[in-house]
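In: predicted structure and sequence below. I'll ask about it afterward.
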Protein chains: 2
Amino acid sequence: MMVGMADTRQRLIHGAIATLRERGITGTSARTIAATAGVNQALVFYHFGSVPELLKQACLTATEFRVAPFLARMEQVRSLRELLDLGREIHAEERAAGNVTVRAQFLAGAHADPELAEATAAALRLWIEPLERTLERLLSDSPVAEPADVHGIARAVAAAFIGLELFEGVDPEGGRAALDALERLAVLAEVVDELGPVARRALRARLRRSR
Amino acid sequence: MMVGMADTRQRLIHGAIATLRERGITGTSARTIAATAGVNQALVFYHFGSVPELLKQACLTATEFRVAPFLARMEQVRSLRELLDLGREIHAEERAAGNVTVRAQFLAGAHADPELAEATAAALRLWIEPLERTLERLLSDSPVAEPADVHGIARAVAAAFIGLELFEGVDPEGGRAALDALERLAVLAEVVDELGPVARRALRARLRRSR
DNA sequence: GTCTATACAACGATAGAC
DNA sequence: GTCTATCGTTGTATAGAC
């Protein structure tokens, strides 16, 4: 019946993520995924056609699942400080759940597989687009960002977190130091937002001049 | 004779990097590396013992080679603006040389192999330590950074570039937008450095308060 | 040091019974 | 839909001739 099939597909998707997390991209195969999922190896090909195709679907599905609980909280953020706190919380939870490792495997695998690259980009957009909407709201009258810049700032923030995640993977102490430094620098933006009108106008002019 | 051996080792190291660049970590094996290097497959094991061991050595050697030409220029940098320009230039050259892809493969592979993680961290330190010395020099009297922060800022900058590199791999347009945004934000630090003494003292106090 | 040849494990993928 | 059985390929690694 239908339920069995849907269940097997889900088990394989979940098994793919778990295998990527525990054994890395080099240790991920139809056999190891099926063993983790507790199903037969041939079912990978019956349901998904190939291993890369399964990985593509797993990439998107798993991210949707992870982003969902944070969407409402992003909409309620009222200051850069609050956004920073939420970002730190998301970062800690993603790391604890092992999703940082999985993201690294997808980003690396994407270089050799254009379709996986597109799936990875789509998964990242699930994080970036809500972030962009939040930044639009918070920076609407800040001298730091022209409206057109928010698109780039959202992607820069996402890229910085991705880099931090990977850097932590090879140098945990360095990663912590980097995160601390980023948080201190973020205070700069907050300070700017507390400036008086004269200083704001001067800063805005100075920034305009330099682009 | 000795020359032949050294030559074969170098060919294998160069072949390992090229294979990683062209076929990704999943397509990198003793056979594919040897084919790229134009030597026999068995020599991978004779000279390095195993494929991961060859990759470790390739990671360090290749980075040393890439960093060297930029060391002198880092020491001559006299402002944040100049440092940013140099960073953009390094970024462009590294990408053109295909080293971004290679770094992604190492960072991902590091999650499954602690020894490769240590080699990757050591390779990144080759970039980070000169950067840290440069920042120490430039930010010695800036209100943006306490002396103790420079360690973290250098690693945050490195992490941000790593993230940017990987993000570009899955979303080139987004990567460009992020780089543009980072450059505009970097102007903020420059503006701060041009403040008068009163404003500097106020900012320094405000930043101290928030850490 | 380098080569050929080979052992053996794990891989992707499919055919066919159930 | 799921299983067993199996094909051919590719992987690591080693032994032994040169």
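Out: Looks like it came in fine.
In: got a pLDDT number for A:A108?
Out: The confidence metric pLDDT takes the value 92 at A:A108.
In: what's the neighbour count on it?
Out: Residues lying near A:A108 (other Cβ atoms under 10 Å in any protein chain shown) number 31. Glycine gets a C-beta too; all of them are placed from N, C-alpha and C.
In: give me the nearest residue to the closest residue to DNA strand D within chain A, chain neighbours excluded.
Out: Using Cβ to the nearest atom of the strand, A:N40 is the residue of chain A that sits closest to DNA strand D, at 3.0 Å. The shortest distance from A:N40 to any non-neighbouring residue, by Cβ to Cβ, 6 or more residues apart in numbering or on different chains, is to A:A34 (6.2 Å).
In: and the helix or strand A:E190 falls within, what does it pack against?
Out: Assigned by DSSP states H and E, A:E190 belongs to helix A:172-193. On a contact count with 3 or more Cβ pairs under 8 Å, 6 or more residues apart in numbering or on different chains; DSSP states H and E, helix A:172-193 meets helix A:80-96, helix A:150-170, helix B:150-170, helix B:172-193, helix B:197-210.
In: and the contacts of it?
Out: For helix A:172-193, the surrounding residues in contact (Cβ atoms under 8 Å, 6 or more residues apart in numbering or on different chains) are A:79-81, A:84, A:88, A:91, A:142-144, A:160, A:164, A:167-169, A:200, A:203, B:121, B:128, B:144, B:149, B:151-153, B:155-156, B:158-159, B:188-189, B:192, B:203, B:206-207, B:210-211.
In: and it, C-alpha only, in CSV?
Out: Presented in CSV, the C-alpha positions along helix A:172-193 are these (Å, rounded to 0.1, in the frame of the first residue of the first chain):
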residue,chain,number,x,y,z
PRO,A,172,37.2,24.6,17.2
GLU,A,173,39.1,27.2,19.3
GLY,A,174,39.6,29.4,16.3
GLY,A,175,35.9,29.1,15.4
ARG,A,176,34.9,30.3,18.8
ALA,A,177,37.3,33.3,18.7
ALA,A,178,35.9,34.2,15.2
LEU,A,179,32.3,34.0,16.5
ASP,A,180,33.1,36.2,19.4
ALA,A,181,34.8,38.8,17.2
LEU,A,182,31.8,38.8,14.8
GLU,A,183,29.5,39.5,17.6
ARG,A,184,31.6,42.4,18.9
LEU,A,185,31.7,43.9,15.4
ALA,A,186,28.0,43.5,15.0
VAL,A,187,27.7,45.9,17.9
LEU,A,188,29.1,48.5,15.5
ALA,A,189,26.0,48.4,13.4
GLU,A,190,23.9,48.8,16.5
VAL,A,191,25.9,51.8,17.6
VAL,A,192,25.4,53.4,14.2
ASP,A,193,21.6,52.9,14.6
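In: which parts of that helix are buried?
Out: A:174-175, A:177-189, A:191-193 (16 or more other Cβ atoms under 10 Å in any protein chain shown).
In: any idea of the angle it forms with helix B:150-170?
Out: 90 degrees (axes from the mean of the first three to the mean of the last three Cα atoms, to 10 degrees).
In: circling back: make CSV out of the helices and strands packed on helix A:172-193 and add distance to B:S50 and mean pLDDT.
Out: Below are the helices and strands packed on helix A:172-193 laid out as CSV (distance: least, Cβ to Cβ, whole Å; pLDDT from 0 to 100):
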stretch, distance to B:S50, mean pLDDT
helix A:80-96, 30, 93
helix A:150-170, 20, 95
helix B:150-170, 27, 95
helix B:172-193, 35, 87
helix B:197-210, 49, 79
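In: make a markdown table out of these and add distance to DNA strand D.
Out: Formatted as a markdown table, the helices and strands packed on helix A:172-193 follow (distance: least, Cβ to the nearest atom of the strand, whole Å):
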| stretch | distance to DNA strand D |
| --- | --- |
| helix A:80-96 | 30 |
| helix A:150-170 | 21 |
| helix B:150-170 | 22 |
| helix B:172-193 | 28 |
| helix B:197-210 | 51 |
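In: could you find the closest non-adjacent residue to the residue of chain A at minimum distance from chain B?
Out: As assessed by Cβ to the nearest Cβ, chain B sits closest to A:G163 within chain A, at 2.6 Å. Ranked by Cβ to Cβ, 6+ apart and with sequence neighbours excluded, the top spatial neighbour of A:G163 is B:G163, at 2.6 Å.
In: for the one you found, grab the count of nearby residues.
Out: 26.
In: same question, A:R9
Out: A:R9, neighbours per other Cβ under 10 Å, totals 19.
In: and the gap between it and A:E115?
Out: The gap separating A:R9 from A:E115 is 19 Å, by Cβ to Cβ, to the nearest Å.
In: can I get the helices and strands packed on helix A:172-193 in JSON lines with distance to B:I25?
Out: Listed next are the helices and strands packed on helix A:172-193 as JSON lines, based on distance: least, Cβ to Cβ, whole Å:
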{"stretch": "helix A:80-96", "distance to B:I25": "22"}
{"stretch": "helix A:150-170", "distance to B:I25": "14"}
{"stretch": "helix B:150-170", "distance to B:I25": "13"}
{"stretch": "helix B:172-193", "distance to B:I25": "21"}
{"stretch": "helix B:197-210", "distance to B:I25": "42"}
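In: which SS class is A:A122?
Out: Going by DSSP: H, G, I helix; E, B strand; the rest coil, the secondary structure assigned to A:A122 is helix.
In: list the contacts of the closest residue to it other than its chain neighbours.
Out: Nearest non-adjacent residue to A:A122, counting by Cβ to Cβ, 6+ apart: A:L60, 6.1 Å away. A:L60 makes contacts with A:119, A:122-123, as judged by Cβ under 8 Å, 6+ apart.
In: in TSV: those residues, plus neighbour count, pLDDT and distance to DNA strand C.
Out: What follows is the contacts of A:L60, written out as TSV (neighbours: other Cβ atoms under 10 Å in any protein chain shown; pLDDT from 0 to 100; distance: Cβ to the nearest atom of the strand, whole Å):
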residue	neighbour count	pLDDT	distance to DNA strand C
A:A119	24	98	17
A:A122	16	98	22
A:A123	23	98	21
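In: just curious, which of the residues you listed is nearest to B:F48?
Out: A:A119 (34.4 Å; Cβ to Cβ).
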